[in-house]
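> Predicted model and sequence follow; I will ask about them next.
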Amino acid sequence: MMDLHRVSTNLTLFLRIAFPVIWISFFGAFTFLALIMRIDEVPMMQSGYFKAGLLVFFLIGFLFLRFTVMRLKRVDMSTDYFLVTNYFKTYRYTFDSLQEIDELDFLFFKVVKLTLREKGAFGKHLYFLPSKRLWNDFIKENPYLFEELVDQ
């Protein structure tokens with residue numbers, strides 16, 4: 001059995017599950033209460049503009065979370081295959097199933113996008129936050145796996 005090396009950051013678990021659950025629970029409850037609230041002592045909460053703005057804020061925030069951090073996966077790699085998990089289900093892929101690897105730089109972090117040749121269980125594109133040290137170490141130890149795949 002080959003040794004698996006985690007290449008995604010430990011922060012993935014927090015960003016993928018804990019942060020969205022906390023954010024959606026807090027702002028969802030606040031938005032729900034603001035929409036049904038009929039208390040005369042809080043005039044700002046009675047404003048239709050406030051309620052509409054709060055609902056728009058919640059929906060935009062939810063969509064942002066859904067299409068960014070909730071798409072992140074944990075990735076573990078060996079020299080023969082790699083595992084991708086959303087912490088509920090785990091799937092195994094071979095490096096032959098990879099079409100391309102893109103490293104996307106954002107202001108404070110980097111996201112790696114794995115593009116599969118055919119659609120997999122999590123879709124054609126898999127995103128993960130690499131641990132800078134672990135990801136670079138794995139690439140340096142196994143450059144032959146990434147020669148044609150890594151977008152540099």
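That came through, no problem. Residues are numbered from 1 along each chain as shown.

> right, and Tyr91 touches Phe122 too?
Yes - counting by Cβ atoms under 8 Å, Tyr91 does reach Phe122; the two are 7.0 Å apart. Every residue, glycine included, has its C-beta placed from N, CA and C.

> Which of those two has more residues huddled nearby?
Neighbour comparison, Tyr91 and Phe122: the larger count goes to Phe122, with 18 against 14 (by other Cβ atoms under 10 Å).

> Dihedrals phi and psi, that one?
phi -100, psi 10 (degrees, to the nearest 10).

> What residues does it make contact with?
Residues near Phe122 by Cβ atoms under 8 Å, 6 or more residues apart in numbering: 73, 84, 86, 91.

> Against Leu83, how distant is it?
For Phe122, the distance to Leu83 equals 12 Å [Cβ to Cβ, to the nearest Å].

> list residues touching both of those two?
Common neighbours of Phe122 and Leu83 (criterion: Cβ under 8 Å, 6+ apart): Tyr91.

> secondary structure element for Ile139?
Element membership of Ile139, judged by DSSP states H and E, is helix 132-141.

> for that helix, packing partners?
Helices and strands touching helix 132-141, by 3 or more Cβ pairs under 8 Å, 6 or more residues apart in numbering; DSSP states H and E, are strand 5-6.

> Name the strands paired with the strand it packs on and say parallel or antiparallel.
In the sheet, strand 5-6 lines up against strand 74-77 (antiparallel) (DSSP bridges).

> Quick one: mean pLDDT for the partner strand?
Across strand 74-77, the average pLDDT comes to 96.

> could you dump it to CSV, C-alpha only?
Output in CSV follows, covering the C-alpha atoms of strand 74-77 (Å, rounded to 0.1, in the frame of the first residue of the first chain):
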residue,chain,number,x,y,z
ARG,A,74,-9.6,17.7,1.1
VAL,A,75,-7.0,16.0,-1.2
ASP,A,76,-4.5,13.3,-0.2
MET,A,77,-2.1,12.0,-2.8
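
> Check which element follows it along the chain.
As assigned by DSSP H and E, the chain's next helix or strand after strand 74-77 is strand 81-85.

> of the contacts of Phe122, closest to Phe57?
Asn86 (26.6 Å; Cβ to Cβ).

> where does this protein have low pLDDT?
1-2, 39-42, 44, 149-152 (pLDDT under 70).
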